[in-house]
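*Asks:* Need the 3D shape of this:
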Amino acid sequence: MVVAEKIDRISRLPLAEAEQLVGSIRAKGAKLAVPGLVDLSDFAAEADGVAKIVLESVQELLLKLALQMTRDDYETRRERQRQGVQLAKVAGKYAGRRLSKSVLTPKLRYPRFLASNIVEKNLAFLPNRIGDVFLLPH
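*Replies:* Residues are numbered from 1 along each chain as shown. Prediction:
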């Protein structure tokens, strides 16, 4: 059984992709349980005939509805965030994100002799930093 605190912890993907994810969870034999989301599967298991088909269809509809609402909420929050950043830039209160320390730490180490030959001849790096190669964002 896969238990999620909220439906958005399962997926914020577009509906088709979220349905594929849920399908793959079910294909592995797991049951999906989300507190607050109506679960009619127990009733459907006990029912037969038309009642079973109706209960299973309603269960699928409720799941699709919850997944779509989760995606819509995600897109709305992203759009509002984008608008807020844009307004802050216009007001001069936002200059972009600061570089994280992970961006400024060395990512690759080249052998000292190779780096020395290439860097010293072509670039003016400080000698104590010759072996470090940084990957900076554009």
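*Asks:* quick one: which helix or strand includes the closest residue in space to Arg12 that isn't next to it in sequence?
*Replies:* Distance criterion Cβ to Cβ, 6 or more residues apart in numbering; nearest residue to Arg12, sequence neighbours excluded, is Tyr74 at 4.3 Å. Glycine gets a C-beta too; all of them are placed from N, C-alpha and C. Counting by DSSP states H and E, the element that carries Tyr74 is helix 50-90.
*Asks:* need the contact list for the spatially most central residue of the chain.
*Replies:* Central residue of the chain (Cα atoms, centre = their mean): Arg12, 7.4 Å from the mean position. Contact partners of Arg12, counting by Cβ atoms under 8 Å, 6 or more residues apart in numbering, are Ala18, Thr70, Arg71, Tyr74.
*Asks:* The first one is in contact with Leu67, isn't it?
*Replies:* Looking back up the chat, that one is Ala18. Yes. With the criterion set as Cβ atoms under 8 Å, Ala18 and Leu67 qualify as a contacting pair; they are 4.4 Å apart.
*Asks:* Between those two, which contacts overlap?
*Replies:* Any residue near both Ala18 and Leu67 by Cβ under 8 Å, 6+ apart counts here, and that gives Ile10, Ser11.
*Asks:* More neighbours: which of those two?
*Replies:* Set side by side, Ala18 and Leu67 show more neighbours around Leu67, with 24 against 21, by other Cβ atoms under 10 Å.
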